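**Q** Coordinates only, no sequence provided:
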């Protein structure tokens, strides 16, 4: 997996996701920036993170993930092809 695209929920959620997925601290920068700029916008927040990741030019195999009610989560694998320059 080249990049996880996560619903940021809140600062503690982002930190917990980094820990659970064993990502280096700060690797969910688009999630933190989206949260800082717009806050938690409920379900669509992950789409704003996805837009930020795509706008940054990142490519490869990605996994969108979002927490659900209780102990549930949703995952969507997708692949982004590098843009020709």
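**A** Perfect, thanks for sending it. Here the structure is a predicted model, which is why all the values come from computation and not from measurement. Residues are numbered from 1 along each chain as shown.
**Q** what's in contact with the helix or strand bottoming out on mean pLDDT in the chain?
**A** Using mean pLDDT, DSSP states H and E, helix 11-20 stands out as the lowest-scoring helix or strand of the chain, at a mean of 93. The contact list for helix 11-20 (Cβ atoms under 8 Å, 6 or more residues apart in numbering) reads 4, 6-8, 23-25, 27-28, 31-32, 35, 65, 67. All C-beta spots, glycine's among them, are computed from the backbone N, C-alpha and C.
**Q** ok, so of those, who is nearest residue 79?
**A** residue 4 (13.7 Å; Cβ to Cβ).
**Q** The closest one: neighbouring residues, count only.
**A** 19 (other Cβ atoms under 10 Å).
**Q** Distance-wise, check it relative to residue 69.
**A** 21 Å (Cβ to Cβ, to the nearest Å).
**Q** Over to residue 61?
**A** The gap separating residue 61 from residue 69 is 28 Å, by Cβ to Cβ.
**Q** Ok, residue 11 next?
**A** Here the criterion is Cβ to Cβ. By it, residue 11 lies 20 Å from residue 69.
**Q** same deal with residue 35?
**A** 20 Å.
**Q** ok, the two, which is more surrounded?
**A** Neighbour count, other Cβ under 10 Å: between residue 35 and residue 69, residue 35 has more, with 22 against 5.
**Q** need the contact list for the more buried one.
**A** 8, 10, 11, 14, 45.
**Q** can you rerun that using 10 Å?
**A** Contacts for residue 35 (Cβ atoms under 10 Å, 6 or more residues apart in numbering) come out as 7, 8, 9, 10, 11, 13, 14, 28, 41, 45, 48, 49.
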